[in-house]
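**Student:** Task: produce atomic coordinates for the following.
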Amino acid sequence: MTNLSVNVNKIATLRNARGGNVPNVQQVAMDCERFGADGITVHPRPDERHIRRSDVYALRPLVRTEFNIEGYPTEDFIQLVLQVKPHQVTLVPDAPDALTSSAGWEVEPNMEFLSTVVERFKEAGIRTSIFVSTDLDNIRAAARTGTDRVELYTEPYAALYPTDRENAVAPFVAAAQAAHSVGLGLNAGHDLSLENLKFFHERVPHLAEVSIGHALISDALYLGLEQTIKAYKACLK
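**Tutor:** This next block holds a predicted model:
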């Protein structure tokens, strides 16, 4: 089974645009689980333009499936994760003002830094995942940090899929095999959608989890949240 983790950042973006607590991020997260999601993902950024630190604390006792916190591992972020103790932390190389995650880690130049961060989280019993591209040497380097998983950055797949889906997915198949060969679990995320998810899931082996936010929340505007989550789950059967 490949799990579906719903990123609720866009719900927080909508709430913050107006102030107040509509839509209610905590209620949407619980509804996502009720409708079949296997996990909830949040990405708190320093400017709190969507998910706030207070949201992270509020969600932790409510999430009954898997809670995944992603972000750049500043000391503030590390302390937040260590206090909240989610099931998984995903390390991304975003600059503080990044609009969205747009690249994976170059692991070798950051080996000492990433290894230290991974060790701190693993000592706290938190599963770790490192956001990476499909470069095979980079994935093998990630294994040397001690991380449990890697998350493949799938925007290149999504961009090429409409015109050449075979070539779009090929690097991800190779990356999945490389990760598995060095004992890493495999996640994936970024621009996966109802259009391209089923094919990705059929072709990419060893896929434990996908994290989807923007496309899923956008689809929910048309289909409703319950039907949207069911549609995404159907792509992962």
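**Student:** And the contacts of stretch 164-176?
**Tutor:** Residues outside stretch 164-176 that contact it (CB atoms under 8 Å, 6 or more residues apart in numbering): 134-136, 139, 152, 154, 156-161, 186, 188, 196, 199-200, 203-207. (C-beta placed from N, C-alpha, C; glycine too.)
**Student:** Does I130 fall in a helix, a strand, or a coil region?
**Tutor:** strand (DSSP: H, G, I helix; E, B strand; the rest coil).
**Student:** Quickly list what it is bridged to.
**Tutor:** Taking DSSP bridges as the rule, I130 bridges to L91, V150.
**Student:** That one reaches E106, doesn't it?
**Tutor:** No - applying CB atoms under 8 Å as the test, I130 and E106 come out as separate, 11.0 Å apart.
**Student:** Compare the two (neighbour count), which wins?
**Tutor:** The neighbour count for I130 versus E106, taken as other CB atoms under 10 Å, is higher for I130 (29 against 14).
**Student:** Please point out which parts of the longest helix along the chain sit buried.
**Tutor:** Scanning the chain for the helix with the most residues, using DSSP state H, yields helix 165-181. Of all the residues in helix 165-181, those buried under the rule 16 or more other CB atoms under 10 Å are A168, V169, P171, F172, A175, A176, A178, A179.
**Student:** give the contact list for E106.
**Tutor:** By CB under 8 Å, 6+ apart, the neighbours of E106 are P93, N138.
**Student:** again, but for L216
**Tutor:** V6, N7, S193, T228, I229, Y232.
**Student:** for this protein, what spans make up the helices?
**Tutor:** Counting by DSSP H, the helices of the chain are 9-18, 25-34, 53-59, 75-84, 111-123, 136-143, 155-160, 165-181, 197-203, 214-223, 225-235.
**Student:** Save these as JSON lines, and put in mean pLDDT and distance to P46 too.
**Tutor:** Formatted as JSON lines, these follow (pLDDT from 0 to 100; distance: least, CB to CB, whole Å):
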{"stretch": "helix 9-18", "mean pLDDT": "96", "distance to P46": "14"}
{"stretch": "helix 25-34", "mean pLDDT": "98", "distance to P46": "18"}
{"stretch": "helix 53-59", "mean pLDDT": "98", "distance to P46": "10"}
{"stretch": "helix 75-84", "mean pLDDT": "98", "distance to P46": "7"}
{"stretch": "helix 111-123", "mean pLDDT": "98", "distance to P46": "17"}
{"stretch": "helix 136-143", "mean pLDDT": "98", "distance to P46": "25"}
{"stretch": "helix 155-160", "mean pLDDT": "98", "distance to P46": "23"}
{"stretch": "helix 165-181", "mean pLDDT": "98", "distance to P46": "30"}
{"stretch": "helix 197-203", "mean pLDDT": "98", "distance to P46": "31"}
{"stretch": "helix 214-223", "mean pLDDT": "98", "distance to P46": "20"}
{"stretch": "helix 225-235", "mean pLDDT": "98", "distance to P46": "29"}
